[in-house]
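Student: dropping a prediction and its sequence here:
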Amino acid sequence: MTRPIFFLTDFGLADIYVGVVRAVILGIAPDARIVDLTHDVPPHDVRAGAFALLAAAQYLPDDAVVLAVVDPGVGTSRRPIALHVSGRTYVGPDNGLFSWVTGADLDVQPTLPGRGSGGAETVVVLDRPEYWRPAVSSTFHGRDLFGPVAAHLARGVPLQKVGSACDRDTRQRLRWPPVFLQRGADGHIVEVQGEIVHIDRFGNLIANLGLADLPTDPVLDVAGRRIDGFSPHFQPATGAPGDLIALIGSTSLLEIAVPNGSAAELLGVGIGAVVVANARA
Amino acid sequence: MTRPIFFLTDFGLADIYVGVVRAVILGIAPDARIVDLTHDVPPHDVRAGAFALLAAAQYLPDDAVVLAVVDPGVGTSRRPIALHVSGRTYVGPDNGLFSWVTGADLDVQPTLPGRGSGGAETVVVLDRPEYWRPAVSSTFHGRDLFGPVAAHLARGVPLQKVGSACDRDTRQRLRWPPVFLQRGADGHIVEVQGEIVHIDRFGNLIANLGLADLPTDPVLDVAGRRIDGFSPHFQPATGAPGDLIALIGSTSLLEIAVPNGSAAELLGVGIGAVVVANARA
Amino acid sequence: MTRPIFFLTDFGLADIYVGVVRAVILGIAPDARIVDLTHDVPPHDVRAGAFALLAAAQYLPDDAVVLAVVDPGVGTSRRPIALHVSGRTYVGPDNGLFSWVTGADLDVQPTLPGRGSGGAETVVVLDRPEYWRPAVSSTFHGRDLFGPVAAHLARGVPLQKVGSACDRDTRQRLRWPPVFLQRGADGHIVEVQGEIVHIDRFGNLIANLGLADLPTDPVLDVAGRRIDGFSPHFQPATGAPGDLIALIGSTSLLEIAVPNGSAAELLGVGIGAVVVANARA
């Protein structure tokens, strides 16, 4: 059986770009299973794409091929790469998109669960045109290069055949947004400051803070509003409906939410908004 | 061959939530066929999800597994359930989402064609963790519980294995929006009042009225506008382009439309708007 | 193995229409591979659908069945058809939607690469109800007629079985937007005028001009802005970021773009905007 291909881009679904890449893949691997992760990464937003991959990676099957194309530099000198991380193979541009799917790149955040334990095991530069479309444009490598390589990998071609090994330390990396921690004399976290890194369709605000980055019994401050402690789920245990709540969400990160409503709308904040958590006095 | 899984949520396609559920399903049933019904049910709108399932149900293959997650109460005491209706199996939260896929729940509307004839045949509460992901979050049962159960059902696990039978009358149910009928001395319908229950992407207004709820030769009144009789299709037989027309649409319900235009835009009305039909004098 | 079905509509993904057609197809061909091209063709916009098919056609596998439904005239006398072009089979309404997937229909633009070389080889009118759903509505032929026919074709039923041959010259055709060319005494292009025919999600403006329609070293004029020559890719070789660039894009047509930005937004123009190219003096 071919390996499943998980597919993420910033192409959107209104154009035929995603469909054309699917067509090219099926031309090479007719029985490929192509599974969309999302194609609504904001245009050219490599950071948002990297976060989406981080959020999805731990749930992918062990033999997944991940085709990820958020590629504002297509046609320039940025390298096309593929990498093995925890058995899975990622294919796409070397522009930081794969920064957060490897544990090694997240060393400021070692506590995030489920990430690859040891970083990228192997990185290759895709330099074997026999695995590409015969004519490669300078504007659509998803169709002409990355898609075909993913199709060949899905059919069982080994990573070493589609490219030349390169030093994994030469990869482009995005910095995980900084977390500022203050610990008390006893080593416990007294205060931490992070930021909103994603807003989902429900208006939930997702921060760059895992459970281990937070005080045990936190008081949160976001956009001038205070939230006391964690809720176990999206419905308020106490308080009026419409109140802000905080919880460790499905991505294992801190989420600020409004039961049956939108925290993003209520607070009027966006990506990058500061979140502060203090240990309860 | 595995049973096909039809998948409906309010997750949207901009986040990776839908993709992650697909990944989890493929981890359990690698050859699963996952078919999206829609993921654009408005956030938390159980009623809109129930209507979408009603509209789709009669067209699904006999062996369909339907995975439906519109679940504002995730993590609370609302029960996870699965039910057999006319050979198909539905999996999701017990919050009314499956109210209208069974004939028994639609007894105010017995004339809607193609619905299950006798209501839910079997209902089980999903209480067998061996068919779930090892760790179940309190915020994402689509990924951790419903998706895995659907995958196991698709592989042929019987309904009785994934949960314990429960009294089907304890299910949560949504009321079908009320229809007010006046009949004449001869039993024919003189006047009926219903409401708009869905607006589609073309701006067609879909009402809670089937052909048997309407006078044979109706004069319709919606948002202060009058429409005489039915059109056979979306192009006006007579009258100027842009005129309002009424027809029995593809969901077997009354639709108000504007040829090549949007009735919703023209009339400025939304879900819940009143529709009155009188027999022509 | 069944033939893959490539699926394009103006149904959007918010309703269950696309999902229902998929369900009907799988009811007939349980192992069908259904690949979405796009479902976000603007409602009723046959011209935009025809352009999307033109852009996708050359990348489809040789055995593709293409199910395309942009069908404002559903239920009227417009004919349901299927046609063979370069080995692929297209199924949908006879309203011009398939105008540009055949070389013969593009004779004003003979230089566009990769199109079918000789026009439609065979055209049939779909008049065999045994390949339809038992009850055909007058409002949803995608579900009741085109989808079922595509499913049967995917399973290997020959084109001649699903309909009666008709004169291919009776097909409805859309005119390719006109291109006005001035050549110099030496036969070289001095000036050409075309128009924007598509705007993609990145805000790239795509014109009805291929490389052979343009002067070798052009100076472009669009919305009162001047662009000198072609860029090889979407990043500016020279000039400030945010500058307009021109390139031959992934559809083999002229594109106006802004590196990491939106040309559509910058220029405030839409479909139909005039583009003029002059040979550099």
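Tutor: Done, it's in.
Student: tell me the SS of the residue in the stretch 51-200 of chain A positioned nearest to chain C?
Tutor: With C-beta to the nearest C-beta as the measure, A:Gly75 is the residue of the stretch 51-200 of chain A nearest to chain C, at 2.7 Å. C-beta coordinates here come from the backbone N, C-alpha and C atoms, glycine included. Three-state call for A:Gly75 (DSSP: H, G, I helix; E, B strand; the rest coil): coil.
Student: what is the neighbour count of it?
Tutor: Counted with other C-beta atoms under 10 Å in any protein chain shown, the neighbours of A:Gly75 add up to 18.
Student: which residues does it contact?
Tutor: A:137-139, A:141, C:232-235 (C-beta atoms under 8 Å, 6 or more residues apart in numbering or on different chains).
Student: of these, closest to chain B?
Tutor: A:His141 (21.6 Å).
Student: distance of the nearest residue to A:Ser231 once chain neighbours are set aside from B:Phe140?
Tutor: Distances taken as C-beta to C-beta, 6 or more residues apart in numbering or on different chains put A:Ile245 closest to A:Ser231, at 4.2 Å, once the chain neighbours are dropped. Computed as C-beta to C-beta, to the nearest Å, the A:Ile245 to B:Phe140 distance reads 16 Å.
Student: chain C versus A:Thr2, what's the distance?
Tutor: 12 Å (C-beta to the nearest C-beta, to the nearest Å).
Student: ugh, wrong one, I meant A:Leu205
Tutor: Counting by C-beta to the nearest C-beta, the gap from A:Leu205 to chain C is 25 Å.
Student: repeat for A:His39
Tutor: 9 Å.
Student: which one's the longest strand in chain A?
Tutor: If you go by DSSP state E, chain A has its longest strand at strand A:189-199.
Student: direction included, what does it pair up with?
Tutor: Counting by DSSP bridges, the strands paired with strand A:189-199 are strand A:180-183 (antiparallel), strand A:205-210 (antiparallel), strand A:274-279 (antiparallel).
Student: pull the residues that contact it.
Tutor: A:48, A:51, A:55, A:177, A:179-184, A:205-209, A:213-215, A:222, A:251, A:253-254, A:256, A:264, A:269-279.
Student: where does pLDDT dip in chain A?
Tutor: A:103-120, A:236-241 (pLDDT under 70).
Student: which parts of it sit against chain B?
Tutor: Within chain A, the positions near chain B by C-beta under 8 Å from any C-beta of the partner chain are A:1, A:4, A:6, A:8, A:13, A:33, A:35-40, A:52, A:55-56, A:59-61, A:64, A:200-203, A:232-235, A:247, A:249-250, A:255, A:259-260, A:262.
Student: those in helices, which ones?
Tutor: Residues of the residues of chain A next to chain B located in helices (DSSP state H): A:52, A:55-56.
Student: can I get those in a markdown table with neighbour count and distance to chain C?
Tutor: Below are those laid out as a markdown table (neighbours: other C-beta atoms under 10 Å in any protein chain shown; distance: C-beta to the nearest C-beta, whole Å):
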| residue | neighbour count | distance to chain C |
| --- | --- | --- |
| A:Ala52 | 27 | 17 |
| A:Ala55 | 27 | 22 |
| A:Ala56 | 24 | 20 |
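Student: now do the strand or helix carrying A:Pro148: which elements does it pack against?
Tutor: Secondary structure assignment for A:Pro148, by DSSP states H and E: helix A:147-154. The contact analysis (3 or more C-beta pairs under 8 Å, 6 or more residues apart in numbering or on different chains; DSSP states H and E) places helix A:147-154 against strand A:5-9, helix A:17-28, strand A:65-69, strand A:80-85, strand A:88-93, helix A:159-162.
Student: would JSON lines of these with mean neighbour count be doable?
Tutor: Converted to JSON lines, these look like this (neighbours: other C-beta atoms under 10 Å in any protein chain shown):
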{"stretch": "strand A:5-9", "mean neighbour count": "26"}
{"stretch": "helix A:17-28", "mean neighbour count": "24"}
{"stretch": "strand A:65-69", "mean neighbour count": "27"}
{"stretch": "strand A:80-85", "mean neighbour count": "23"}
{"stretch": "strand A:88-93", "mean neighbour count": "26"}
{"stretch": "helix A:159-162", "mean neighbour count": "16"}
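Student: out of these, the one nearest C:Pro80 is which?
Tutor: Comparison of these against C:Pro80 by C-beta to C-beta identifies helix A:17-28 as nearest, at 22.8 Å.
Student: what residues does that closest one touch?
Tutor: A:5, A:7, A:9, A:11-12, A:32, A:34, A:36, A:39, A:67, A:69, A:133, A:140, A:142-144, A:147-148, A:150-152, A:154-155, C:4, C:6, C:8, C:33, C:35-38, C:55-56, C:59-61, C:64, C:200, C:250.
Student: the same query, at a cut-off of 6 Å, please.
Tutor: A:11, A:32, A:34, A:39, A:142-143, A:147-148, A:151, C:4, C:35-38, C:56, C:59-61 (C-beta atoms under 6 Å, 6 or more residues apart in numbering or on different chains).
Student: separation between A:Val18 and C:Asp40?
Tutor: Distance from A:Val18 to C:Asp40, by C-beta to C-beta: 11 Å.
Student: what do these two both touch?
Tutor: Common neighbours of A:Val18 and C:Asp40 (C-beta under 6 Å, 6+ apart) do not exist.
Student: contact partners for A:Ile256?
Tutor: A:205, A:222, A:246, A:263 are the contacts of A:Ile256 under C-beta under 6 Å, 6+ apart.
Student: can we see that at 7 Å?
Tutor: Going by C-beta atoms under 7 Å, 6 or more residues apart in numbering or on different chains, A:Ile256 touches A:204-205, A:222, A:227, A:244, A:246, A:263.
Student: so A:Glu130, which of the three states?
Tutor: helix.
Student: most tightly packed of the strands paired with strand A:189-199?
Tutor: Most buried of the strands paired with strand A:189-199, by mean neighbour count (mean count of other C-beta atoms under 10 Å in any protein chain shown): strand A:205-210, with a mean of 24.
Student: how distant is it from the center of its chain?
Tutor: For strand A:205-210, the gap between its own C-alpha mean and the chain's C-alpha mean amounts to 13 Å (C-alpha atoms, centre = their mean, to the nearest Å).
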